[in-house]
Each structure stands twice: as C-alpha cells, then as structure tokens.
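Undergrad: quick one: sequence and predicted model below, then my questions.
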Amino acid sequence: MKAIVTGGTGYIGSHLVKRLLKDNWEVAIIADPKFGYDNILDVKNRITIFEYTGQIQELIKFFRDFNAGIVFHLAAAVLTNPSPEQLPILIDSNIRFGTEILEAMSDSGTKLIVTTGTYWQNYNGEEYNPVDLYAATKEAFEKILKYYVEAKGIRSIVLRLYDVYGEDDRRPKIWNLLKGIAGTDKSIDMSPGEQILNLVHIDDVVSAYISAYNYLKQNSEIKSEVFGVYAETQKTLKEHVNELEKTLGKTLRINWGAKPYKKREVMKPAYLFKNPPNWKCMKLVFIN
C-alpha cells in the first residue's frame, strides 16, 4: 500500500501520515520546505519527501516513479479573511496546486484521490453558497475535479470537514487562546456564542480518510462521491466553552456579546452529505 499525501506537514495531514505508517503503508508527501517539518520530525526519516518547486514535469515524474495507489489531498491555504495581496496564495494553493496534482495523476498509474472540502461551502444549507472566498476556492477545485473524473478516469471522494480539534493542536484556534487565559485575570471579548459547532476529534477525522479510501478501493463502480465528516452531537460555542471550563477546572473570563457575529456567520451547520461508509465519530466529548 503506497500513498501520496499533500499537506502532510500540517496538523491534520501529519496525523494522517502517522496513521498510515502505523498501518504499514509506504508514504510520500509533497512538501514546501518553507512551512517546515515540525509536525512530522518523529517520522520524517520513514517517509519519502518530494519538495515541489512548481515544475510540473518534475511532479509528473515523481508520480510515475512512486506509483502510489491513492492520493490524500489535504494541502490548502486557509485564509478566511484574505487581504487583496493574499488572493494569489488562495488561488495557487487551493486551485492551481490541486489541478497540478490531478494532471500528474492523469499521466501516471495513480487514479484514486480522497480530497478535502469544508462545510463552509454550503452557507445557509444551500447547495452552492460559499461562506467566504476560501470556501469558494474549495468549491472551484471540486468543479475542476469533476472534469478529471469524467475525462481522465480518476475516481474521487471529497470529505467535507467540520470543526477539527485535538489535544496537540497548535493552530491559532479559539481553544488554545482560551486555555492561555484560563484561571487568570485576563478576559476575552466574544460574540453572543449561540452559533452551533460540530467538533470532530483528529483521530476520527483521520479514520474518515482511511474509510473513504477503503470504500473507493473496494467499489470500482464509484466515480465520485462527497461525504460529510461530522459528529452525531452538536453544541453552541457557549456550551463548548462551558465544557472546556469544567474540564480545565479553571475560570474563563468571557465577555459574551462584546463582539458582533461575523457578517456571514455560520449559525447552524448544514448536513447535506452523509458520513463516509463504515465510519462513525467515536470521540463525542470535547476533551482538553
């Protein structure tokens, strides 16, 4: 079993790489050295690393030589409020790079891909209404993916991720900020906190990618599917914060309602797609 992982140095991607290695896969990642390898230092010497410089013929050669059975495409620029100067980063990372991956696949023996979307692609539960430009680029890539499925024989599954969390998550998420002020005199201004979040533990998210691969591999008639990676339970932001406070055993000074909701705040996630087959969210409690 051989897999190519994009975004393998990121939080979710690094966890997927380690799970694949644990399951005795041969793993290669496509990386940009400027992002570093901190998340995979403990396994770096066990994987193949292809540092992509934008020369697509080199990428095609890498795909031919490695001959993977599956691509797990997680690489993305998550810029939810980009400046005008950051627009090329969004386009290059979320559309161009993914298209180059598909082109390299079409010119190699690698024909299966599990790629990553977001529930923010469906604002107000609509079939097409991206919350922001980031979500719009994810939707645009899915449209390009459809061409490669129909014309180039690639078979795909898209996983629409919800809110991912984990004990070792060092990303600039609200939970890390709250942990930093817990038990201190510092306070933080927040919205009224009635927006609903669906939190999924990193281990469950990784299992969803594995389940998606197995489903795609075992059902050759499947050309393209979309699944949602969400838990059975959901709570408001305020409820999650209260639960975090109890878990930490420390007071959190929150000024609820001191900030307005964002202009296109997702107050209630849409669940337009079913969970991946043979997958279930196992960790239903938000733990520290």
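TA: Received the coordinates, thanks. Numbers count the residues shown, from 1 in each chain.
Undergrad: now Phe62, nearest residue through space, not along the chain?
TA: Phe50 (4.9 Å; CB to CB, 6 or more residues apart in numbering). (Each C-beta comes from the backbone N, C-alpha and C, glycine too.)
Undergrad: who's that neighbour bridged to?
TA: Ile30 (DSSP bridges).
Undergrad: just checking, what packs against the helix or strand of the chain with the lowest mean pLDDT?
TA: Least confident element among the helices and strands of the chain, by mean pLDDT, DSSP states H and E: helix 174-181 (a mean of 89). Where contact means 3 or more CB pairs under 8 Å, 6 or more residues apart in numbering; DSSP states H and E, helix 174-181 is packed against strand 187-190, helix 237-248.
Undergrad: distance from it to the middle of the chain?
TA: Centroid separation for helix 174-181 versus its chain: 21 Å, with CA atoms, centre = their mean, to the nearest Å.
Undergrad: need the contact list for Asp23.
TA: 1, 210 (CB atoms under 8 Å, 6 or more residues apart in numbering).
Undergrad: give me phi/psi at it?
TA: Note on Asp23: backbone dihedrals following degrees, to the nearest 10 are phi -90, psi 10.
Undergrad: cool, and the one 3 residues further on?
TA: The phi and psi torsions at Glu26 (degrees, to the nearest 10) take the values phi -90, psi 120.
Undergrad: now the residue nearest to Phe62: how far from Ile29?
TA: For Phe50, the distance to Ile29 (CB to CB, to the nearest Å) stands at 7 Å.
Undergrad: these two - which one has more neighbours?
TA: More neighbours surround Ile29 than the other of Phe50 and Ile29, with 26 against 18 (other CB atoms under 10 Å).
Undergrad: surely that one meets Gly8?
TA: Yes: using CB atoms under 8 Å, Ile29 is in contact with Gly8, at 3.3 Å.
Undergrad: where do the contact lists of the two overlap?
TA: 17, 40, 47.
Undergrad: which stretches of the stretch 51-200 of the chain form strands?
TA: Using DSSP state E, counting those that start in this stretch, the strands of the stretch 51-200 of the chain run over 70-73, 112-118, 155-161, 163-165, 187-190, 196-197, 199-201.
Undergrad: let's see the pLDDT reported for the residue nearest to Asn67 when sequence neighbours are not counted.
TA: Nearest-residue entry for Asn67: Gly109, 5.4 Å, with adjacent residues in sequence omitted and distances by CB to CB, 6+ apart. Gly109 carries a pLDDT score of 95 in this model.
Undergrad: thanks again, I'm all set now.
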